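Student: Fold the following and give me the result.
(one chain, ligands or ions: 1)
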Amino acid sequence: MQSRHEASTQSDNLQTVRTTVKRRRERAAYDRATVESILDEALVCHLGFTLGDQPYVIPTTYARVGATLYVHGAAANRALKGLASGLSACVTVTLIDGLVLARSAFHHSMNYRSVVLLGQARPVTDLEEKRAAMVALVEHVIPGRQASVRAPSDEELRETLVLALPIREASVKIRTGPPIDDATDMARECWAGEIPLRQVADRPITDPALAEGIVADPAAVTYTRPGTNS
Ligand SMILES: Cc1cc2nc3c(=O)[nH]c(=O)nc-3n(C[C@H](O)[C@H](O)[C@H](O)COP(=O)(O)OP(=O)(O)OC[C@H]3O[C@@H](n4cnc5c(N)ncnc54)[C@H](O)[C@@H]3O)c2cc1C
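Tutor: The predicted model follows:
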């Protein structure tokens, strides 16, 4: 298994017919490095799949290790069980970088970076890979946290279903910059511009049940998300 965030040796172009962006093609990217940078910065993915004739889109935590995206949950988890049985998956990840205020309601927008990833997941049965995936899932959310927590027991590992989705077929769409207004609106007396948004952590709140004398974990005290300068 590759170490966390190790550069992948797989194909660098993740574009296929199914992942080709149709509108605003200039905002699209298909290179692995851009896909990976968005996956590593975001916290939550939305896992899409179809059971019978009903589509579901379920939010969940994930982690990337090399060219693999891992998700996990209870062994009885319906979404994960379905995906483990070979259902096709569509995973989306979105970062909101700002709100775009135009001179018309029509042209209001958002600055964003998003990934759509297609593929089929496999259940992780190899215990070493499963442990490493669990470490990656914690470290993706709170880098440095793994060092101070109890590792999963064999029982906990058995109760957890971990799925591995190869990062092979994907697209990125990125919007940046000011509003794009109609020429006829440019002289309107209406403020236009961008409100940048970012993920910023507030001060950690200690568990009221924490035993006395335990100092705060640096991983919590200095917590920032990648891509923010807080
Ligand atoms: C930020 C975030 C991170 C999460 N990370 C994980 C994770 O790492 N592992 C994990 O197993 N679960 C995670 N969850 C919870 C996950 O979204 C599901 O609730 C859970 O995996 C399965 O629930 P279930 O088996 O009851 O639902 P399912 O059987 O999958 O769904 C049954 C129905 O429950 C409803 N439902 C299920 N989940 C949600 C939801 N989140 N919000 C609203 N309605 C819902 C839907 O109507 C769905 O059709 C996370 C949720 C969030 C918001």
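Student: Report the closest residue of the chain relative to the ligand.
Tutor: Nearest residue of the chain to the ligand: Gly73, at 2.4 Å (Cβ to the nearest ligand atom). (Each C-beta comes from the backbone N, C-alpha and C, glycine too.)
Student: element containing that residue, please.
Tutor: strand 68-74 (DSSP states H and E).
Student: Does anything pack onto the host helix or strand of Glu194? Which helices or strands?
Tutor: Counting by DSSP H and E, the element that carries Glu194 is strand 193-196. Packing partners of strand 193-196 (3 or more Cβ pairs under 8 Å, 6 or more residues apart in numbering; DSSP states H and E): strand 88-101.
Student: tell me the average confidence for the strand it packs on?
Tutor: Mean pLDDT, strand 88-101: 98.
Student: what angle separates the helix or strand that comes right after that strand from strand 88-101?
Tutor: The helix or strand immediately downstream of strand 88-101 is strand 109-120, counting by DSSP H and E. Put simply, strand 109-120 runs at 170 degrees to strand 88-101, going by axes from the mean of the first three to the mean of the last three Cα atoms, to 10 degrees.
Student: Note down every partner strand of strand 109-120 and its orientation.
Tutor: Strand pairing for strand 109-120, using DSSP bridges, gives strand 88-101 (antiparallel), strand 169-175 (antiparallel).
Student: out of the ones you listed, nearest to Glu212?
Tutor: When these are compared by Cβ to Cβ, strand 88-101 sits nearest Glu212, at 39.5 Å.
Student: anything in the closest one near the ligand?
Tutor: No. Interface with the ligand: strand 88-101 contributes nothing (Cβ under 6 Å from any ligand atom), its closest point being 11.9 Å away.
Student: got a list of what Gly98 touches?
Tutor: Counting by Cβ atoms under 8 Å, 6 or more residues apart in numbering, Gly98 touches Met110, Asn111, Glu194, Ile195, Pro196, Leu197.
Student: Also Leu157?
Tutor: Per Cβ under 8 Å, 6+ apart, neighbours of Leu157: Leu127, Lys130, Arg131, Met134.
Student: Do a quick rundown of the strands in the protein.
Tutor: 28-29, 44-51, 54-61, 63-65, 68-74, 88-101, 109-120, 122-123, 160-166, 169-175, 193-196 (DSSP state E).
Student: so where's this protein shaky on pLDDT?
Tutor: 1-9, 228-230 (pLDDT under 70).
Student: Show me which residues of it sit near the ligand.
Tutor: Going by Cβ under 6 Å from any ligand atom, the residues of the chain near the ligand are Val44, Tyr56, Ile58, Pro59, Thr60, Thr61, His72, Gly73, Ala74, Asn77, Arg78, Ala79.
Student: Just the buried residues out of those residues, in PyMOL syntax.
Tutor: To isolate the buried ones among the residues of the chain next to the ligand in PyMOL, judged by 16 or more other Cβ atoms under 10 Å, type:
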select buried, resi 72+73+77+79
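Student: just curious, which of the residues of the chain next to the ligand is nearest to Arg122?
Tutor: His72 (13.3 Å).
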